[in-house]
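J.: coordinates only, no sequence provided:
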């Protein structure tokens, strides 16, 4: 046998031995000094250590918007937030906190932020239900009383603040949540980009997930963890108001939130030491 043929035969035998150990890829990789980089391995969510603050928007005394049938927004917020809290705890996020604040704004908003920052939390999610500016309301009579409504707009919306200490994290979770809602057949409302919204007009930073930028809201900009506000649906729309009160719609939203939290938890690096100040990203690079 010539020398080149001998070398070829040895290589063929070595290849056969390697294929015969196909079920032991990890062992072979380590033996050869080649291992899968940790960054390439799927990260696992430590749900038991991950804390979510579920903030109930508004309060009993200051219930927020009024629905087309005269129900305070706070009632919708509280029911949905409690369901989300339960869904998260059932999914293993046992440190979830339901945040209810009685004080009216601005003191109530400051207290919400102070509570979340003192825990500390890994994610802040504020639950709300939507309305429209008074100028866009129409009138109808319900149960003997004149009520305001607008059937022109419907759908959810998601808000983040460019001034949050972790804007990138806020936007990441906002996108995850928006995509989970979309996968369940729910559509976000695009009317926040329209001029008719006046001072409530917002910049749309993700047109697929329905994430808007809202820099002025205290609970989004002053929290020291990723913070997202969810307007779960329009209660000023007469049809959607009825849907928002059903267990089916609430469960759908609760499942979307839970799956988004799972994905966010898995994607996030461990929290830095609270005494360490994390450098903020250059605002010029943000949307």
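T.: Looks like it arrived, so ask away. No experiment lies behind these values; they were computed from the predicted model shown. Numbers count the residues shown, from 1 in each chain.

J.: contacts for whatever helix or strand residue 239 lives in?
T.: Assigned by DSSP states H and E, residue 239 falls within helix 238-244. Helix 238-244 has contacts (CB atoms under 8 Å, 6 or more residues apart in numbering) with 67-69, 71, 76, 80, 129, 140, 149, 151, 154-155, 232-235, 249-250. Just so you know, the C-beta spots here come from the backbone N, C-alpha and C atoms, and that holds for glycine as well.

J.: just the buried positions in the helix or strand following that helix, please.
T.: Where DSSP H and E defines the elements, the next helix or strand beyond helix 238-244 is helix 247-267. Neighbour-count burial for helix 247-267 flags 249-250, 252-265 (criterion: 16 or more other CB atoms under 10 Å).

J.: also stretch 73-89?
T.: Buried positions in stretch 73-89, judged by neighbour count with 16+ other CB under 10 Å: 73-85, 87-89.

J.: can you pull the contacts of the residue nearest to residue 236 when sequence neighbours are not counted?
T.: Leaving aside its chain neighbours, residue 236 sits nearest to residue 131 (4.4 Å; criterion: CB to CB, 6 or more residues apart in numbering). Contact partners of residue 131, counting by CB under 8 Å, 6+ apart, are 65, 66, 73, 150, 234, 235, 236.

J.: try 7 Å this time
T.: The contact partners of residue 131, taken as CB atoms under 7 Å, 6 or more residues apart in numbering, are 65, 235, 236.

J.: what's the pLDDT at the first one?
T.: Right, the one you point to is residue 65. At residue 65, the pLDDT value in this model is 96.

J.: that one: what's it in contact with?
T.: Residue 65 neighbours (CB under 7 Å, 6+ apart): 73, 129, 131, 235, 236.

J.: now it. Its backbone dihedrals?
T.: phi -70, psi 160 (degrees, to the nearest 10).

J.: tell me where the model's unsure across the stretch 51-200 of the chain.
T.: Applying pLDDT under 70 to the stretch 51-200 of the chain flags no residue at all.
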